[in-house]
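Peer 1: prediction below, plus the sequence it came from.
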Amino acid sequence: MPRKPEASQSVLRALDVLIALREHGENSIRGLSARTGIKRSTVHRMLLALESRLFVIQEPETGRYRLGPRLIDLGHAASHRVSASLEMLAEVQRLAHATGETAQLAELSAGGILFQECVEGAPGLHVSMPRGSHLPPHRSAFGKALLARLSIDEAVIFLEGLPNNEERENLLAELATIRRAGVARDRDVAAPGSFAIASPILDYTGRGVASMGIHAPIARFDVQARQRIEASVRTAAESASVRLGYFASSEIWQQLSAASRERAEEDDQPRDQE
C-alpha cells in the first residue's frame, strides 16, 4: 500500500482543533492542547494557519480562540447542495435492506402525519401505509416520533382534537418517554396485526423534519427482533439527520468516519491491471 503523505496528519490534527472548538466553545491554546492531545506549539501553529483563512478568530480581549466566519460560509454552501429528499430516501432504502421490512418516511402536515416514501424489504408478507395517506399524528408511531421533538406548547396544539384532558396528559407523558428512547411504536394502525417502529429525522437546528421507520406483521416480532430493528431504525434516522447537518451523537459520527476511512483505504489499494 502506498505510504500516505505526512501532511494528512497535520490536516487531521487541524480538524481535531476545529472539532474541539465546536464541542467546547471558545478556548485557549492550553485548553485545546489538553482536549486534543496535541502539543501546545503545534496547536499554536495550526491556529495561526486557520486564523489566516478565517476558520478561527482570536478574541483580542481574552486571547482565546473561537470558530470563524469562513466556516459559516462553508456550512451555507454545503446546506444548499444537500437534497433533503434524496438523502432521506437513500436512508429509507438502506433501512429496508437492513431489516427486511417495509421502510417508510413521513412528515407532519396540516392534515396530520403524511406518509411518503415506501420501500419494501425482503420478499414475503408486507404491510404499510399507502403513500399520500394521512393520520392524526398521535395515532401513528411516525407521528409520535415527531411530536416528541416539539415543545409541550407546540405538541398541545396538535393534540387539541383529543376528547379529554386525561388522554392529552397520557400522550404528553408518552411523548416524553419517546424523546428519551429515540423511538416510537404503534400497533394495528397500518393493518390489523401490524406493528410499527419510527424515529425522528432532525435538521441542523435540531428540528424534526420527518420520521423514518418500519411497518411489519407483529407475528415476526419477538423481543430480540424488536430490539434489533429498533436499533436499526434509530441508526438510520440518526444517519439521515447527520446528512442534513444535525450534530448527532459522537457514536454516529465515529461510525460515519470509520466508513469513510475504510473507503479511503480501499481507494489506496493498488488496482490489478486489466
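Peer 2: Nice, thanks for sending it over.
Peer 1: next, Ser199: secondary structure please.
Peer 2: Per DSSP: H, G, I helix; E, B strand; the rest coil, the secondary structure class of Ser199 is strand.
Peer 1: what about Val11, distance to Ala237?
Peer 2: According to C-beta to C-beta, to the nearest Å, Val11 and Ala237 sit 31 Å apart. The way it works is simple: take the backbone N, C-alpha and C, and place the C-beta from them, glycine included.
Peer 1: an error on my part: the question was meant for Ala34.
Peer 2: 34 Å.
Peer 1: one more: Val119?
Peer 2: Relative to Ala237, and taking C-beta to C-beta, Val119 is found at 15 Å.
Peer 1: do Ser28 as well
Peer 2: From Ser28 to Ala237 the distance is 37 Å (C-beta to C-beta).
Peer 1: distance of Ser199 relative to Ser28?
Peer 2: Distance from Ser199 to Ser28, by C-beta to C-beta: 39 Å.
Peer 1: got it, and Val233?
Peer 2: Distance from Val233 to Ser28, by C-beta to C-beta: 42 Å.
Peer 1: ok, the two, which is more surrounded?
Peer 2: Between Val233 and Ser28, Val233 has the larger neighbour count (other C-beta atoms under 10 Å), namely 28 against 15.
Peer 1: for that one, what are its contacts?
Peer 2: Leu95, Thr99, Val183, Ile197, Ala198, Ser199, Met212, Gly213, Ile214 (C-beta atoms under 8 Å, 6 or more residues apart in numbering).
Peer 1: wait, which of these is closest to Arg243?
Peer 2: Met212 (11.9 Å; C-beta to C-beta).
Peer 1: number of residues surrounding the closest residue in space to that closest one that isn't next to it in sequence?
Peer 2: Of all residues beyond its chain neighbours, the one nearest Met212 is Ala237 (4.8 Å), with distances taken as C-beta to C-beta, 6 or more residues apart in numbering. Ala237: 29 surrounding residues under other C-beta under 10 Å.
Peer 1: what does Thr42 give?
Peer 2: Residues near Thr42, counting by other C-beta under 10 Å: 16.
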